[in-house]
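Asker: Generate a structure from the sequence data that follows.
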Amino acid sequence: MGSKQSKDKRTKEQKQLTPEAVQVTHSNQGPRTRSRHLSLVLLGVVEVPPHVWELLELQRLNLSQNCLSTLPPALGQLEHIVVLNLSGNRLTCLPKEIGRLRNLKILFANMNALTAVPEELSLCGKLEVLSLSHNLLEELPVSLNDLAFLRKLNLGSNRIAHIPLCVFSMKCLDFLHVGSNRLENIAETIQYLQNLQILIVEYNNIHALPKTLCSVTALELLNVDHNCIQALPDDLYKLSRLRKIAMHPMDTGLHIIHNPLARPLPQMLDAGLDALFRYLKDKDGNIY
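Answerer: Numbering: from 1, shown residues only. Predicted coordinates:
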């Protein structure tokens, strides 16, 4: 009985890996805007079936939660891909041919074993969302400063000691996650990210926040929990979109627990963000 069930399961999985498994949908605008999606999630795949690289009209491909350790150069043939999900595999690198995916807007490559990102990724000029969290990255190639439309970048849980230089050229960024790395500081050049709304640098070894961070006035969520911060820049009160001291991970506001703040900052925080900002503003010499 168990043998029959195993056979039936294998047969079902094999059917899911065939070209016929591609789901085809049509938009209201007609067949010329036809989109195609293929999902091979949680199938224990160790190698992508060759026919997948022949599905040249694919726009969404989900290969997440499998056992892939490499991807072939043939990935570059899928030039219509808009969303590519490679998360939860065993990838140590991405093929340089990924640079041929000129329509790619969303790339999930988190939860792998990546030690580097190919320079050619910079050729994916339409990229808007890039998740590289939970890998083994220490740096990003400088060429990624060409990703002019990137809005969301997740580099959390890697081995990064300095925010990569290319990041400060990504002027459209509104979300940056560099938590759980090896940061000891945030570069003064953070001021160039004027559209940044969410900055997460929790679980690092940051000792101080740069004064220039206070000019990023679009910030609505600043998470510096679990660092080594003793003092705060006097101009922090200029981040007026931080509405409260936040406790829940998903809350907007200022996250600043588990830092060795010098007195009287802990007392100010206990009184709320308004009290903290009043204290810093008075300290800055701007009595209101």
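Asker: From now on I want contacts and neighbour counts done on CA atoms only, so please keep to that.
Answerer: OK.
Asker: Where do the strands of the stretch 151-288 of the chain begin and end?
Answerer: In the stretch 151-288 of the chain, the strands defined using DSSP state E, counting those that start in this stretch lie at 152-154, 175-177, 198-200, 221-223, 253-255.
Asker: Would you convert those strands into JSON lines that also reports distance to residue 97 and mean pLDDT?
Answerer: Shown next, in JSON lines, are the strands of the stretch 151-288 of the chain (distance: least, CA to CA, whole Å; pLDDT from 0 to 100):
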{"stretch": "strand 152-154", "distance to residue 97": "21", "mean pLDDT": "98"}
{"stretch": "strand 175-177", "distance to residue 97": "26", "mean pLDDT": "98"}
{"stretch": "strand 198-200", "distance to residue 97": "31", "mean pLDDT": "98"}
{"stretch": "strand 221-223", "distance to residue 97": "36", "mean pLDDT": "98"}
{"stretch": "strand 253-255", "distance to residue 97": "40", "mean pLDDT": "98"}
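Asker: Determine which residue lies closest to the centroid of this structure.
Answerer: Using CA atoms, centre = their mean, the residue of the chain that lies closest to the mean C-alpha position is residue 154, 1.8 Å off.
Asker: Next one: it from residue 232, what distance?
Answerer: In this structure, residue 154 and residue 232 are 25 Å apart, going by CA to CA, to the nearest Å.
Asker: Residue 106 and residue 82 touch, don't they?
Answerer: Yes - the criterion here is CA atoms under 8 Å, and residue 106 meets it with residue 82 at 6.4 Å.
Asker: Now the common contact residues for these two.
Answerer: Here residue 106 and residue 82 have no joint contacts, going by CA atoms under 8 Å, 6 or more residues apart in numbering.
Asker: Compute the first-to-last residue distance for stretch 55-70.
Answerer: With CA to CA, one end of stretch 55-70 sits 19 Å from the other.
Asker: tell me which residues in that stretch are buried?
Answerer: For stretch 55-70, a neighbour-count test (16 or more other CA atoms under 10 Å) marks 55, 57-70 as buried.
Asker: Closest to residue 135 out of those residues?
Answerer: residue 69 (13.2 Å; CA to CA).
Asker: Now do the helices in the protein.
Answerer: Taking DSSP state H, the helices of the chain run over residues 2-16, 265-271, 273-283.
Asker: mean pLDDT for these: which is lowest?
Answerer: Among these, helix 2-16 carries the lowest mean pLDDT, at a mean of 43.
Asker: re earlier: enumerate every residue touching the residue nearest to the centre of the chain.
Answerer: Residues in contact with residue 154 (CA under 8 Å, 6+ apart) are 130, 131, 132, 133, 175, 176, 177, 178.
Asker: The fifth one is in contact with residue 155, isn't it?
Answerer: This points to residue 175. No - with contact defined as CA under 8 Å, residue 175 does not reach residue 155; the gap is 10.7 Å.
Asker: Comparing these two, which shows the higher neighbour count?
Answerer: The neighbour count for residue 175 versus residue 155, taken as other CA atoms under 10 Å, is higher for residue 155 (28 against 20).
Asker: how much space between that one and residue 174?
Answerer: Separation of residue 155 from residue 174 (CA to CA): 14 Å.
Asker: I'd like the strands of the stretch 151-288 of the chain as JSON lines, with distance to residue 206 appended.
Answerer: Listed next are those as JSON lines, based on distance: least, CA to CA, whole Å:
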{"stretch": "strand 152-154", "distance to residue 206": "18"}
{"stretch": "strand 175-177", "distance to residue 206": "14"}
{"stretch": "strand 198-200", "distance to residue 206": "12"}
{"stretch": "strand 221-223", "distance to residue 206": "12"}
{"stretch": "strand 253-255", "distance to residue 206": "14"}
